[in-house]
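**Q** Fold the following, please.
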Amino acid sequence: MIPDTLAAVTPDWLNGVLAAAGEQAPDPVISLAIEPIGAGAGFVGQLARLRLRDPGGTERTLVVKLSSHDPAVRRTLHALGLYRTEAGLYGELARQMRLATPRCHFAHCDPQSGAMLLLLEDLAGNHRFGDAVEGCSPDEALLVVRELAAHHAQWWKHPELLRLPWLVTRQHSAEARIRAYRSALPLLEQRWAELLPSELLRVARLYGEKLPQLLGNPLDGAWTLVHGDFRLDNLAFAGRAADSADSADSAGSVGSGLTVFDWQAAYRGAGGDDLSYFIVGSLSVERRRAEEPALLDAYHTALCSRGVRDYTREDLARDYRLGLGRSLSVLVISGGVLDLSHPRGRRLAEQGSARIAAACADHGFAELLEAL
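**A** Numbering: from 1, shown residues only. From the prediction side, this is the model:
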C-alpha cells in the first residue's frame with residue numbers, strides 16, 4: 001500500500017517494498033529518519049531523504065517521492081497524467097536513456113487514485129544541484145544544452161515511444177490541460193497580482209484562448225522525448241560544471257556528469273519546448289539575450305551531429321518560439337496552487353514572471369498567438 005504522507009513511511013513498510021522489488025539489502029532496515037527536502041521548490045509531490053540504519057549500525061540514504069497530500073492538487077495532476085508518467089518512465093525507460101537519471105529502486109502509481117511512490121538514489125554528497133534562483137553560468141548552460149540535444153537525438157521519432165501507454169502527446173490530454181490552465185489563471189491573477197507584469201497577464205489570457213488550437217495541432221515529424229520541466233532545480237552536476245563543459249564534445253558525452261530527475265511532465269513533443277523552458281528559466285534576462293543565439297546554434301549542431309536530419313535551424317527557431325507556451329503554462333498552472341509563503345517560492349515566482357515576460361516580448365509571442 002502506498003502511504004498518503006511521509007509520516008507513514010516506516011522501517012517495516014520499507015523492508016516490505018524493497019523485498020518485493022528485489023532490492024532488499026542483506027540486513028533489514030531497523031530505523032529511519034525522514035528529512036523533507038525541496039521546500040519552496042515545487043508542489044507536485046512530497047519529497048524526503050530517508051536515513052536508514054541496519055542492525056550493524058550501517059547507514060545509507062534513499063529519496064522517497066509520494067504524490068501530493070493535497071487532494072485538489074493530487075486530482076489535478078492525476079488528471080494530467082503526471083504521476084503515471086513519472087512512475088512509467090523510471091520503471092520502464094530510464095535504464096535505456098543516455099541522459100543520466102537517479103537509480104530507481106521502486107516505482108508504482110495507482111491508476112485509480114493517482115497515489116504514487118518512487119524510491120530513488122540519493123544524489124546528495126557527490127552532486128551539486130542546480131538552483132533556478134541563482135541561475136547558471138554560460139559554461140553550465142552550454143553543457144546542459146548539448147546534453148539535452150543528445151538526449152533528444154536519441155529519441156528522435158523513436159518507435160519505442162509509441163508503444164508506451166503512459167507517455168502521451170499533449171494532444172492526448174488536451175481537455176484536461178485546457179481545463180487546468182483556465183481554472184488556474186483566475187487564481188494566479190488573485191494570488192500573484194502584485195508580481196505579474198501587466199503585459200504577461202495579457203499574454204497569459206490570450207494563450208488560454210488559443211490553447212484549443214495549439215493543442216489540437218498534430219505533431220509533425222520533429223517529435224522526441226520531452227522532459228517537460230527541464231529547469232535547473234531538476235538538474236544535478238557531478239564535480240565542477242565548467243570542467244565538464246570543457247571536456248564534453250560538441251554533441252555532449254555520456255560522462256558529462258549531468259543527472260536529470262523529476263520526469264513527471266514527460267511527453268512526446270517538440271524538443272524546442274525543453275530548450276526554451278531551460279534557457280528562459282535558467283538565465284537572467286540580460287544573460288539570456290546575450291547567450292541565446294549561441295545556445296540555439298550549439299543545440300542544433302549537436303542534434304545534427306547525432307544523426308537528426310531534415311530539421312533546419314529555422315525549424316528550431318519556430319519550435320523554440322512556440323516553446324514559450326510551455327513556460328507560460330507551467331507558470332500559470334503551478335501559480336494557482338504554489339505556496340508563496342516560503343521565501344524561495346516567492347523568489348521563483350518573481351524571477352519566473354519577469355523572465356517569461358521578457359522572453360515573450362523579445363520573441364513576439366503575443367503576435368504569434370494573435371496570428372493563429
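**Q** All the helices of the chain, residue numbers only.
**A** Remark: helices assigned in the chain by DSSP state H are 11-20, 71-79, 82-88, 138-154, 174-191, 198-216, 241-247, 271-282, 285-305, 313-322, 324-335, 343-362, 365-370.
**Q** Go through those helices and find the least confident stretch.
**A** Note on the helices of the chain: lowest mean pLDDT is at helix 241-247, with a mean of 40.
**Q** circling back: quick one, which of the helices of the chain is packed in tightest?
**A** The highest mean neighbour count among those, using mean count of other CB atoms under 10 Å, belongs to helix 271-282: a mean of 26. In this view, the C-beta of every residue, glycine as well, is placed from N, C-alpha and C.
**Q** Would you mind giving the orientation angle of it with respect to helix 343-362?
**A** 120 degrees (axes from the mean of the first three to the mean of the last three CA atoms, to 10 degrees).
**Q** tilt between helix 271-282 and helix 324-335?
**A** 60 degrees.
**Q** hmm, back to that, of all the helices of the chain, which lies closest to Arg231?
**A** Distance to Arg231, taken as CB to CB, is lowest for helix 271-282 among those, at 4.8 Å.
**Q** If you count contacts, what does the closest one end up packed against?
**A** Judged by 3 or more CB pairs under 8 Å, 6 or more residues apart in numbering; DSSP states H and E, the packing partners of helix 271-282 are helix 138-154, strand 223-226, helix 285-305, helix 313-322, helix 324-335, helix 343-362.
**Q** helices or strands up against the third one?
**A** So that's helix 285-305. helix 138-154, helix 271-282, helix 313-322, helix 343-362.
**Q** And the contacts of the last one?
**A** The reference is to helix 343-362. Applying CB atoms under 8 Å, 6 or more residues apart in numbering, the contact partners of helix 343-362 are 39-41, 132-133, 192, 195-197, 199-200, 203, 276, 280-281, 283-285, 288-289, 324, 327-328, 331, 335, 338-340, 365-366.
**Q** Out of the helices and strands packed on helix 285-305, which is closest to Tyr207?
**A** helix 343-362 (9.2 Å).
**Q** relative to helix 174-191, how tilted is the closest one?
**A** 110 degrees.
**Q** Output helix 343-362 in PDB with nothing but the alpha carbons.
**A** The C-alpha coordinates for helix 343-362 follow below in PDB (Å, rounded to 0.1, in the frame of the first residue of the first chain):
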ATOM      1  CA  PRO A 343      10.700  32.900   0.600                       C
ATOM      2  CA  ARG A 344      12.300  30.800  -2.100                       C
ATOM      3  CA  GLY A 345       8.900  30.100  -3.700                       C
ATOM      4  CA  ARG A 346       8.200  33.800  -3.900                       C
ATOM      5  CA  ARG A 347      11.600  34.500  -5.400                       C
ATOM      6  CA  LEU A 348      11.000  31.800  -8.000                       C
ATOM      7  CA  ALA A 349       7.600  33.400  -8.800                       C
ATOM      8  CA  GLU A 350       9.100  36.800  -9.200                       C
ATOM      9  CA  GLN A 351      12.000  35.700 -11.300                       C
ATOM     10  CA  GLY A 352       9.900  33.400 -13.500                       C
ATOM     11  CA  SER A 353       7.300  36.100 -14.200                       C
ATOM     12  CA  ALA A 354      10.000  38.600 -15.200                       C
ATOM     13  CA  ARG A 355      12.000  36.200 -17.300                       C
ATOM     14  CA  ILE A 356       9.000  34.800 -19.200                       C
ATOM     15  CA  ALA A 357       7.500  38.300 -19.700                       C
ATOM     16  CA  ALA A 358      10.800  39.500 -21.300                       C
ATOM     17  CA  ALA A 359      11.200  36.400 -23.500                       C
ATOM     18  CA  CYS A 360       7.600  36.600 -24.700                       C
ATOM     19  CA  ALA A 361       8.200  40.300 -25.600                       C
ATOM     20  CA  ASP A 362      11.600  39.600 -27.300                       C
END
